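In: Model the structure of this input:
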Amino acid sequence: MKPRTKPVTSHRFRVLPLFFLCILATPLSVCGFTPPSSEEIPTSFLYKGEPITLKNLTNPFKGDLKVIKKGGTLYTKHCFLCHGDLLDGKGLFGKSFSPPPADFIRLDSILSRPKGYTFWRIMKGGQGLPEKYEPWNSAMPAWEDTLSKK
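Out: Numbers count the residues shown, from 1 in each chain. Alright, predicted model coming up:
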């Protein structure tokens, strides 16, 4: 085989860097997502027809070991296939979604948000974010009809 003496200048090789730039830019745009601030979440919502005020909502079960154990069972039953057994968003089905499931071990995760925001997102699922975050509506189902407030 005769070695190539002419430089490769076809349009394919001029477009190739642009292709890689696009590939790299997509994950970077994902990293740039900023979750809604406390001011951007609703002040209340209907939970099974009952109005729930989100401002200053607290976890009435904090520190209750029996409830924590039950929560772990519910997480295993309903959440870990997407969010992972390490809470990192890398569950068995996690790679199937865009955006990917929430990574709860990140410092800026949903768990760092006010409790009202967390409760709202779990109950209402991935739909219903404020309009400016609409591209980030996720496949997370609403758990309102599956989980109780307790």
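
In: By mean pLDDT, point me to the weakest helix or strand of the chain.
Out: Within the chain, no helix or strand scores below helix 11-31, which has a mean of 46 by mean pLDDT, DSSP states H and E.

In: contact partners of the helix or strand just after that one?
Out: Downstream of helix 11-31, the next assigned helix or strand under DSSP states H and E is strand 44-47. Strand 44-47 is contacted from outside by P51, I52, T53, L54, W120, M123, K124, E144, K149, using Cβ atoms under 8 Å, 6 or more residues apart in numbering. Placement of C-beta: from N, CA and C, glycine included.

In: what about the fourth one, neighbour count?
Out: Right, the one you point to is L54. Neighbour count of L54, defined by other Cβ atoms under 10 Å: 18.

In: my read: it touches I41, true?
Out: Yes. At 6.4 Å, L54 counts as touching I41 under the criterion of Cβ atoms under 8 Å.

In: okay, and the common contacts of those two?
Out: By Cβ under 8 Å, 6+ apart, the residues touching both L54 and I41 are P114, G116, Y117, W120.

In: Between which two of these is the distance greatest?
Out: Longest distance between any two of the shared contacts of L54 and I41 is 9.4 Å, between P114 and W120; criterion Cβ to Cβ.
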